[in-house]
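Sequence plus predicted model, see below.
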Amino acid sequence: MSLFRRLWADDAGAVLSVELTLILGLVVFGSAAGLSAVRDAAARRLGAVAGAIDAIPIPAPPAPSPTPAPQPVQAAAAVNVTVVLHPPAPLLTPAP
């Protein structure tokens, strides 16, 4: 018999499903608490970074330069346009 079959058939020292469920529950709750602590620490650190960025002095923008007075608009030369409208071609030809 191969080693794999002997190990598969061996029941000595088997872990019960109740034990696995309890261990899995402890791991899930422990990791949730750990992730919560990491989240809080990251939020505090990012708050400190935001405070530091907010404390950076921002220089006042330079005064705007005076704008020149608007110039009068020259009238355009008159242009004559002739539009020729042709009657539209019939879409359907009449039946004979």
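Nice, I can see it. Residues are numbered from 1 along each chain as shown.

Show me what counts as buried in the stretch of helix or strand Phe29 belongs to.
Here Phe29, judged by DSSP states H and E, is contained in helix 17-54. Judged by neighbour count (16 or more other Cβ atoms under 10 Å), helix 17-54 contains no buried residues. For the C-beta atoms, the positions are set from N, CA and C on the backbone; glycine is no exception.

Tell me the helices and strands packed up against that helix.
The helices and strands touching helix 17-54, judged by 3 or more Cβ pairs under 8 Å, 6 or more residues apart in numbering; DSSP states H and E, number zero.

how distant is it from the center of its chain?
24 Å (Cα atoms, centre = their mean, to the nearest Å).

Looking at Leu91 now. What's its pLDDT?
Here the pLDDT value assigned to Leu91 is 66.

what's the burial count for Pro61?
Using other Cβ atoms under 10 Å, Pro61 has 6 neighbouring residues.

quick one: secondary structure of it?
coil (DSSP: H, G, I helix; E, B strand; the rest coil).

Please report the distance of it from Asp54.
19 Å (Cβ to Cβ, to the nearest Å).

Need the residue closest to the centroid of this structure.
By Cα atoms, centre = their mean, the mean C-alpha position of the chain lies nearest to Leu46, the distance being 19.2 Å.

quick one, what contacts that one?
Taking Cβ atoms under 8 Å, 6 or more residues apart in numbering, we find Leu46 in contact with no residue.

what about Pro57, neighbour count?
5.

Okay, it and Val49: tell me how far apart.
17 Å.

State the pLDDT value of Ile23.
90.

any idea how far it lies from Ser36?
21 Å.

ditto for Thr67
58 Å.

just Arg44 next, same as before
13 Å.

cool, Pro59 as well?
41 Å.

just Val49 next, same as before
Counting by Cβ to Cβ, the gap from Val49 to Ser36 is 21 Å.
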